[in-house]
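Q: Need coordinates for the following:
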Amino acid sequence: MDWPVLLRSRLLLLAAVAGLVACEPIILSPWAVAKPPDAGPVDTDPGGGDAGIAGEDGGEPTTGDDAGAEDAGADDAGAEGGPGDAGDAGGWPSDPDGPVLSDAGVDVRMTEWGGCEAGWRKRTVLPAGTKGYGSFALDADGDAYFIEHTDDILRVGTTKPWRTFPRTGWLGPQPYVVGVRVGPTGDVHVALSPRYLEGDTEVPVHFLRYAEGRWVHTVKPGGLLWDLEVDSRGHLHAMSTWIGPQHRILYTHGPPDALVVEETGIVLDDDIYPVSLQVDALGYAHVAFVPKAPRGIHYATNASGTWVVEPVSSLGSDPFLALTASGTPYIVWTDRSDIMLSSRDAAEGWTSTFVRNEFASLEAVAVGPSDAVHMLLTGVNGALVHVSNARGGWVRTLLGAEPLGFPPSVTGSSMHLDGQGRAHVMHTWVKPGAPGRPALRTTDYYRQCQ
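A: Numbering: from 1, shown residues only. Predicted coordinates:
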């Protein structure tokens, strides 16, 4: 399938809202327009310098002395703020380092959970006029962590009562945020790729970690970051595509203070095709992707100690990977408007089944108890849809009202399951403002009632 088909709904949405968002730069993809300055001064890596990229060719040039080092400005950005700080993402003049909390200990801008409707509850975590990403994470208690930003500052917000974070220390233009994750000890991790110019090859990946009351900023080579996970040991795992003539997949992994970047030997068909990453209980990585050749959906894992690639389907694009508790991989993908589900049996290999026909964009997939599959979709009209076989057959549920008239622009949606197997969805969108006024973003949060 050609890439315009892969991005069909997002491109239609872009075309629909091109005029209305002209007053505000909205990053709907990582292919952006400006390369950022350095994110503050960077010390020499206390571990003895950057490890570079481990590969047969000796690795690509790193991003310079900044690669693999700790950001001194970000290190100082504790409860008192730091010299590298430049405002905040919340807009609270009386308290620039954090949100104003309610009597319940959460950001006063958040709404309470609404009543249960069609099996879901809803709340707003960032109201109209703020800026946020749809990517989020859950901690062990089921509390959500998300990203808010201005044009050059990132802030982590959370629904967890009485937990707040100082500014991260990021000082570049609005980046492409891959995600936020929470480690087993409560450490919070944010990964992002900065905006870059067409033709750039040396694009760093930024990892921000909040631990022991401060943010630590680590920069590594890697290009365009696609996915991030944290395993049960607290080790990071990330997949990125090198920006250059060949779109090689690079794997960054290890303890947060000793990350290593290695070649996987996999080359993507194009840098617009995503790489979906999951990590199993033993800390091995599993990915779904569309390679340069042969085309179609492929799966790879390093569980044997080296990367082994398996074909899943000769057709399709837009793959999203999920693992069961025992480590069985499931991949949801699209073949034009057909949504397909592939699973891997140790004896029989990969089998694919048709789920439904829907002209929509895949956003996320997760597998819960009894191997129930949850899918998150966004339609070309901006509708947010959850599809699951948790109760037998496939059930489609519209989250929120069906958009009427001019559709809002989707800027990001993601989904996770909590310890009870309930789906949580966060969704950032842009809708038209009043005549003569700029468009406004809102980040809504949905959770299954039971």
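Q: so where is this structure shaky, pLDDT-wise?
A: 1-97, 271, 405-407 (pLDDT under 70).
Q: change it to 50
A: 1-95 (pLDDT under 50).
Q: got the residue ranges for the helices in it?
A: For the chain, helices defined by DSSP state H occupy the ranges 3-6, 8-17, 72-75.
Q: now what about stretch 204-212, what contacts it?
A: The contact list for stretch 204-212 (CB atoms under 8 Å, 6 or more residues apart in numbering) reads 39, 63, 66-67, 74, 154, 156, 165, 168-170, 175, 185, 187-194, 215-223, 225, 236, 238, 240, 252, 256, 259. Backbone N, C-alpha and C define where each C-beta goes, glycine included.
Q: Drop anything exposed from the residues you listed.
A: For the contacts of stretch 204-212, a burial check counting by 16 or more other CB atoms under 10 Å picks out 39, 63, 66-67, 74, 154, 156, 165, 168-170, 175, 187-194, 215-223, 225, 236, 238, 240, 252, 256, 259.
Q: Which residue is the nearest non-sequential neighbour of residue 144?
A: Counting by CB to CB, 6 or more residues apart in numbering, residue 159 is the residue found nearest to residue 144 once chain neighbours are left out, at 4.7 Å.
Q: isn't that neighbour right next to residue 109, touching?
A: No - counting by CB atoms under 8 Å, residue 159 sits too far from residue 109 to count as a contact (11.8 Å).
Q: which residues do the two both contact?
A: residue 125.
Q: which of those two has more neighbours?
A: Taking neighbours as other CB atoms under 10 Å, residue 159 and residue 109 compare with residue 159 leading, 23 against 19.
Q: quick one: contacts for the more buried one?
A: Contacts of residue 159 (CB under 8 Å, 6+ apart): 106, 110, 125, 143, 144, 445.
Q: out of these, which one sits closest to residue 298?
A: residue 144 (32.0 Å; CB to CB).
Q: and that closest one, what does it touch?
A: 125, 136, 137, 138, 158, 159, 160, 424, 426, 445.
Q: Just give the nearest non-adjacent residue to the fourth one, would you?
A: For residue 138, the nearest residue in space outside its immediate sequence neighbours is residue 416; the separation is 4.9 Å by CB to CB, 6+ apart.
Q: The one you found: what's it in contact with?
A: Counted by CB under 8 Å, 6+ apart, residue 416 has contacts 136, 137, 138, 364, 366, 423, 424.
Q: biggest separation within those, which pair?
A: 137 and 423 (14.2 Å).
Q: From residue 142, how far off is the residue nearest to residue 138?
A: 9 Å (CB to CB, to the nearest Å).
Q: intersection of neighbour lists for the two?
A: residue 424.
Q: returning to what we had before: by neighbours, which of the contacts of residue 159 wins?
A: If you rank the contacts of residue 159 by neighbour count (other CB under 10 Å), residue 125 sits at the top with 24 neighbours.
Q: shouldn't that residue be in contact with residue 145?
A: No - applying CB under 8 Å as the test, residue 125 and residue 145 come out as separate, 10.3 Å apart.
Q: what do these two both touch?
A: residue 157.
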